[in-house]
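Visitor: model this:
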Amino acid sequence: MRLTEMQIQSLAKDMVRSPEEFGYDQAIWDGALLGHHLEKTFDVTLGVRQCQRIFHHLGMRLLRPRTSPKGADADAQAAFKKN
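Guide: Predicted structure coming up:
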């Protein structure tokens, strides 16, 4: 099933907001969460890859949080970085 233009516009407004505002546990949108949101909101089932394409269609990027090694020394990392 495809999304209508009105659904796409509504989805774009939703994706600007945090998923936490909709009661989800995640802080950022990803393909799986977007698929769940589409099914819950519009009763439309799409696969993860199709949902990732929606990000691209709307001009948005999938963001991933940067991680650092557990127990990393922030001062040592700052000294190591080249400016």
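
Visitor: for the record, mean pLDDT for stretch 12-30?
Guide: The average pLDDT within stretch 12-30 is 92.

Visitor: Which of the helices or strands spans Gln7?
Guide: Assigning secondary structure by DSSP states H and E places Gln7 in helix 5-16.

Visitor: same for that helix, what does it pack against?
Guide: helix 31-42, helix 48-57 (3 or more CB pairs under 8 Å, 6 or more residues apart in numbering; DSSP states H and E). Heads up, the C-betas are built off the backbone N, CA and C, glycines and all.

Visitor: winner for burial among these?
Guide: Among those, ranked by average contacts under mean count of other CB atoms under 10 Å, first place goes to helix 31-42 (a mean of 17).

Visitor: Need the residues that contact that one.
Guide: Applying CB atoms under 8 Å, 6 or more residues apart in numbering, the external contacts of helix 31-42 come out as 3, 7, 10-11, 14-15, 19, 22, 24, 26, 44-52, 54-55, 62.

Visitor: Can you read off the backbone torsions of the residue nearest to Ser18 when sequence neighbours are not counted?
Guide: Nearest residue to Ser18, sequence neighbours excluded (CB to CB, 6 or more residues apart in numbering): Ala27, at 6.4 Å. Main-chain torsions, Ala27, degrees, to the nearest 10: phi -100, psi -20.

Visitor: Wait, Ala27 touches Pro19, no?
Guide: Yes - proximity of Ala27 to Pro19 meets the contact threshold set by CB atoms under 8 Å, at 6.9 Å.

Visitor: which residue ends up closest to the midpoint of this protein in space?
Guide: Centroid check for the chain by CA atoms, centre = their mean gives Trp29 as the closest residue, at 1.8 Å.

Visitor: Okay, Arg17 and Gly23: tell me how far apart.
Guide: From Arg17 over to Gly23 the distance is 12 Å, taken as CB to CB, to the nearest Å.

Visitor: pLDDT wise, what is Phe80 at?
Guide: pLDDT, Phe80: 80.

Visitor: picking up where we left off before, so which of Ala27 and Pro19 has more stuff around it?
Guide: Pro19 (19 against 10; other CB atoms under 10 Å).
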